[in-house]
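A.B. asks: pasting a predicted model and its sequence here:
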Amino acid sequence: MLTGQYQHTIDSKGRVFVPAKFRSDLQGDLVIVKGLDSCIVLYNEEQWNAFIKKLETYGEMQMKRIKRFILASAFNTELDSQGRIVIPEDLRKHAGIEKEIAFIGLNNCVEIWRPDRFSEINDESDVEEMKEMLKNAGF
């Protein structure tokens, strides 16, 4: 299960250590894409395929812009022998990542953020609004 928050640094070649807790769920082919919240999203092959399948269930016109945005940015990678992945420069630029990285586990994928941006968006979260959303969802 991909949960938790971990911080690491990225080197000048765009390599970063994936948190050890995430590595067992991130074996084999991985896909990194632009996220809609100025972050990067990392999927294992199974979750990526499930995401694509779900995208395909919606009408072409409804999803075309989203598909272009996400799929055009897709980068295939895998863990190297040291447990690192490479994050391409265009994806780092999208997320504003320079040196520090926050890995955020979201159960079926991992978001990769510039730590200060994640703190801003997470701290701005309205707890009362989230309570209402959970209530409406039956929790």
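C.D. replies: Done, it's in. Numbering: from 1, shown residues only.

A.B. asks: excluding covalently adjacent residues, which one is nearest to residue 13?
C.D. replies: residue 86 (7.1 Å; C-beta to C-beta, 6 or more residues apart in numbering). For glycine as for every other residue, the C-beta is placed from the backbone atoms N, C-alpha and C.

A.B. asks: how about the one you found, what does it touch?
C.D. replies: The neighbours of residue 86, taking C-beta atoms under 8 Å, 6 or more residues apart in numbering as the test, are 13-15, 77.

A.B. asks: restricted to buried residues, select these in ChimeraX.
C.D. replies: To isolate the buried ones among the contacts of residue 86 in ChimeraX, judged by 16 or more other C-beta atoms under 10 Å, type:
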select :77
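
A.B. asks: could you pull up phi and psi at the closest residue in space to residue 70 that isn't next to it in sequence?
C.D. replies: Excluding the flanking residues, the one nearest residue 70 by C-beta to C-beta, 6+ apart is residue 33, at 5.0 Å. With angles defined as degrees, to the nearest 10, residue 33 sits at phi -140, psi 170.
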